[in-house]
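*Asks:* predicted model and sequence below, questions to follow.
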Amino acid sequence: MFLLKAYADKAPNGAVTAAEKNSINCMVRQQLGYILGNTGRSFVVGYGVNPPPRPHHRDSSCPPIGQECSWNDYNSPNPNPHTLFGALVGGPNREDTYKDDRNGYIMNEVATDYNAGFTGALAAAVSNSLKCAAQ
């Protein structure tokens, strides 16, 4: 999503038509809306409707500083004691199902690779460069 938007913005004149650029902007806006919860489930910790409370992240699943962190804390079914605000989890599988389970690292891990792209796409949205004309 981020790379597609960046290419559309930086491509040489004529490489991306105005219609293609509009289509890319609309797709990026749609994907951001999905990630942020416009379908009833946010995949961003601490943000939107029904955000994931159990991301696969060691520090956020440990008790406050000064208390021992053990596998009992990690394996607890309770929400993480610390909210990792703004972190994007892995998200749903190909069938568009999602289970908020700390042990399910594929769906619940927060990692720099997709959080970096997510941040870039949000920057485009904030800068108002995601203009999308009705198609």
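*Replies:* That came through fine. Numbering: from 1, shown residues only.
*Asks:* which helix runs longest in the chain?
*Replies:* helix 18-36 (DSSP state H).
*Asks:* show me the residue at the heart of the protein, geometrically.
*Replies:* Leu88 (3.3 Å; C-alpha atoms, centre = their mean).
*Asks:* what's near enough to touch the nearest residue to that residue once chain neighbours are set aside?
*Replies:* Spatial nearest neighbour of Leu88, chain neighbours left out: Phe118 (4.7 Å); criterion: C-beta to C-beta, 6 or more residues apart in numbering. No exception for glycine: its C-beta is placed from N, CA and C like everyone else's. Phe118 is in contact with 2, 35, 88, counting by C-beta atoms under 8 Å, 6 or more residues apart in numbering.
*Asks:* residues touching the closest residue to Leu122 other than its chain neighbours, list them.
*Replies:* With C-beta to C-beta, 6+ apart as the criterion, Leu122 has its nearest non-adjacent residue at 7.0 Å, and that residue is Leu32. Leu32 makes contact with 1, 121-122, 125, 130 under the criterion C-beta under 8 Å, 6+ apart.
*Asks:* looking at those residues, which one is closest to Gly48?
*Replies:* Leu122 (12.8 Å; C-beta to C-beta).
*Asks:* check which residues of stretch 99-107 are buried.
*Replies:* By neighbour count with 16 or more other C-beta atoms under 10 Å, stretch 99-107 contains the buried residues 100, 102, 104, 107.
*Asks:* equivalent analysis for stretch 8-24, please.
*Replies:* Neighbour count says stretch 8-24 has 8, 16, 22-24 buried, by 16+ other C-beta under 10 Å.
*Asks:* send me that stretch as PDB with only the CA atoms.
*Replies:* Extracted in PDB, the C-alpha atoms of stretch 8-24 (Å, rounded to 0.1, in the frame of the first residue of the first chain):
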ATOM      1  CA  ALA A   8       2.400   6.700  -8.000                       C
ATOM      2  CA  ASP A   9       3.500  10.000  -6.500                       C
ATOM      3  CA  LYS A  10       7.200   9.800  -7.600                       C
ATOM      4  CA  ALA A  11       6.900   8.100 -11.000                       C
ATOM      5  CA  PRO A  12       8.100  10.000 -14.100                       C
ATOM      6  CA  ASN A  13       5.500  12.000 -15.900                       C
ATOM      7  CA  GLY A  14       3.200   9.800 -18.000                       C
ATOM      8  CA  ALA A  15       4.200   6.600 -16.100                       C
ATOM      9  CA  VAL A  16       1.000   6.700 -14.000                       C
ATOM     10  CA  THR A  17      -2.200   8.200 -15.500                       C
ATOM     11  CA  ALA A  18      -4.500  10.500 -13.500                       C
ATOM     12  CA  ALA A  19      -7.100   7.700 -13.400                       C
ATOM     13  CA  GLU A  20      -4.500   5.200 -12.100                       C
ATOM     14  CA  LYS A  21      -3.300   7.600  -9.500                       C
ATOM     15  CA  ASN A  22      -6.900   8.200  -8.400                       C
ATOM     16  CA  SER A  23      -7.500   4.400  -8.200                       C
ATOM     17  CA  ILE A  24      -4.400   4.000  -6.100                       C
END
